[in-house]
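A.B. asks: Take this sequence and fold it.
(one chain, ligands or ions: 1)
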Amino acid sequence: MEPKKSPAWLVLRQVRAVDPSRGLDDTVDVLIEAGRVVRIGRNACAGLESLAGARVIDAAGKWLLPGFVEVHAHFREPGFEYKEDIESGLKASAAGGYAHVCAMPNTRPANDSPSVTRHMIERAHALGGPRLYPIAAVTQGLKGEVLTDMAALKAAGAVAFSDDGRCVTSSELMRRALQAACALDVAVIQHAEDHAATATAQMHEGDVSRRLGIPGWPRQAEDSIVARDLELVRATRGRYHVAHASTRGTVELVRRAKQQGLPVSAEAAPHHLLLTDASIDGTDARYKVNPPLREEDDVQALREGLADGTIECVATDHAPHSAEEKLLPMAKAPPGMVGIEFCLPLMIGLVEEGVLSLARLVDALTAAPARLIGIEAPALREGVTANLCLFDPAPRYALDERSLHSKSTNTPFAGRPLTGRVQMCLAQGAIAYEYDGK
Ligand code: DOR
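C.D. replies: Residues are numbered from 1 along each chain as shown. From the prediction side, this is the model:
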């Protein structure tokens, strides 16, 4: 990333600071000195306007939030750099307000060895900007046959384990992975899909797929894996997280498991919270994603689960693919959509509709995902390194996918209404992104 000029002092005047982890929602001044938050308080920076070397931003009407934590992004490096690489992925993350990002292991080679894990971390470290945390594979080559050396991968810097894109279908491998996860105090993140039931699927199985004559992916292919895994969690007490939950069944299973005290968590992606299979006409593969867009009832359940904390995290499942790949017919096009750059402007609509509170949404983007991967959550607290997102909630505009920083623009939200814009992202104490009006 091009180094951005971070001033010695950054003064944000009269900003609405929201940090649910501290019960904070107040209009304050914030002073950042040499990359650290040093002062937060009402009028705390009055008189500092003339400080030599200070940059003063009149932030009245803007929101200051802890920097976001993404637990589900695909940066494609090594192996598929034409779709995205660590540099473009981090730029896109900063533009979305993310200070910390987890990169999924379905690269080529897969991130199943300490050398790939270390490569990712070193590459990101050299670039600066948001901090990258690799999620390593559960099984070698993501083949579902032999477990990786999870202890060595954790020692190299992996923060969680997943075969994302592929389900760990063997119950024995999953049991052993959860045992190892328990000993290492990390989470296994499951892509819950019974591949035997989805072999030819291109979308959700329901009225729409039947009308279009397109092979479908039944809900039960997700629910049955989650139900089985929860029994393995009960036996092993290993931490378990459901990636991109998409069905009512998953929400209800996770809710019950939590009530029983199992160490379980889940995430939902904006597209599963905002779109249904009714958007699909069979000609536009930008709507193809795994798990697929489901029905209104599933969306309702996911929203309720997010609001009541059953689903702790919002994760974008940022999955870049080239324009050529996404122009292929549905049957041939790869599943996935980009999303890391406009998550909050999409999700704010749910706050405006009263589906969930702003505090819950901010928690789902910050403290909850940080807990999953065991890192200190970005916070609006004096003394911490500045990992922050300055957000302007006012602008209303249509998403122009050509303005994205990602190498890929595959999103069905192109042209759809957004609310608000990330103005600035501070990551690891430095300005990683600033909106330049374009
Ligand atoms: O839609 C998806 N795309 N789902 C996944 O699980 C993998 C991802 C990808 O890597 O493109």
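
A.B. asks: for the nearest residue to Pro393 once chain neighbours are set aside, what are its contacts?
C.D. replies: Distances taken as Cβ to Cβ, 6 or more residues apart in numbering put Gly420 closest to Pro393, at 4.3 Å, once the chain neighbours are dropped. No exception for glycine: its C-beta is placed from N, CA and C like everyone else's. Going by Cβ atoms under 8 Å, 6 or more residues apart in numbering, Gly420 touches Leu344, Pro345, Ile348, Phe391, Asp392, Pro393, Ala394, Pro395.

A.B. asks: just curious, which of the residues you listed is nearest to Asp308?
C.D. replies: Ile348 (19.3 Å; Cβ to Cβ).

A.B. asks: Check which residues of the helix or strand encompassing the closest one are buried.
C.D. replies: Assigned by DSSP states H and E, Ile348 falls within helix 343-352. The neighbour-count check on helix 343-352 (16 or more other Cβ atoms under 10 Å) flags Cys343, Leu344, Pro345, Leu346, Met347, Ile348, Gly349, Leu350, Val351 as buried.

A.B. asks: re the thing from before, same list (the contacts of Gly420) but as JSON lines, adding distance to the ligand and pLDDT.
C.D. replies: Compiled in JSON lines, these are given as follows (distance: Cβ to the nearest ligand atom, whole Å; pLDDT from 0 to 100):
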{"residue": "Leu344", "distance to the ligand": "21", "pLDDT": "98"}
{"residue": "Pro345", "distance to the ligand": "21", "pLDDT": "98"}
{"residue": "Ile348", "distance to the ligand": "24", "pLDDT": "97"}
{"residue": "Phe391", "distance to the ligand": "27", "pLDDT": "98"}
{"residue": "Asp392", "distance to the ligand": "30", "pLDDT": "98"}
{"residue": "Pro393", "distance to the ligand": "29", "pLDDT": "98"}
{"residue": "Ala394", "distance to the ligand": "32", "pLDDT": "98"}
{"residue": "Pro395", "distance to the ligand": "29", "pLDDT": "98"}
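
A.B. asks: Once you drop chain neighbours, what's closest to the closest residue to the ligand within the stretch 251-400 of the chain?
C.D. replies: Across the stretch 251-400 of the chain, the shortest distance to the ligand (Cβ to the nearest ligand atom) belongs to Gly336, at 3.0 Å. Nearest non-adjacent residue to Gly336, counting by Cβ to Cβ, 6+ apart: Ala319, 2.7 Å away.

A.B. asks: What of Val116?
C.D. replies: Per Cβ to Cβ, 6+ apart, closest to Val116 is Pro109, 6.1 Å.

A.B. asks: So which residues of the stretch 151-300 of the chain form helices?
C.D. replies: Here the stretch 151-300 of the chain has its helices, by DSSP state H, counting those that start in this stretch, at 171-184, 207-212, 220-236, 248-259, 270-274, 296-308.

A.B. asks: and the ones you listed as a markdown table, adding mean pLDDT?
C.D. replies: Below are the helices of the stretch 151-300 of the chain laid out as a markdown table (pLDDT from 0 to 100):
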| stretch | mean pLDDT |
| --- | --- |
| helix 171-184 | 98 |
| helix 207-212 | 98 |
| helix 220-236 | 98 |
| helix 248-259 | 98 |
| helix 270-274 | 98 |
| helix 296-308 | 98 |
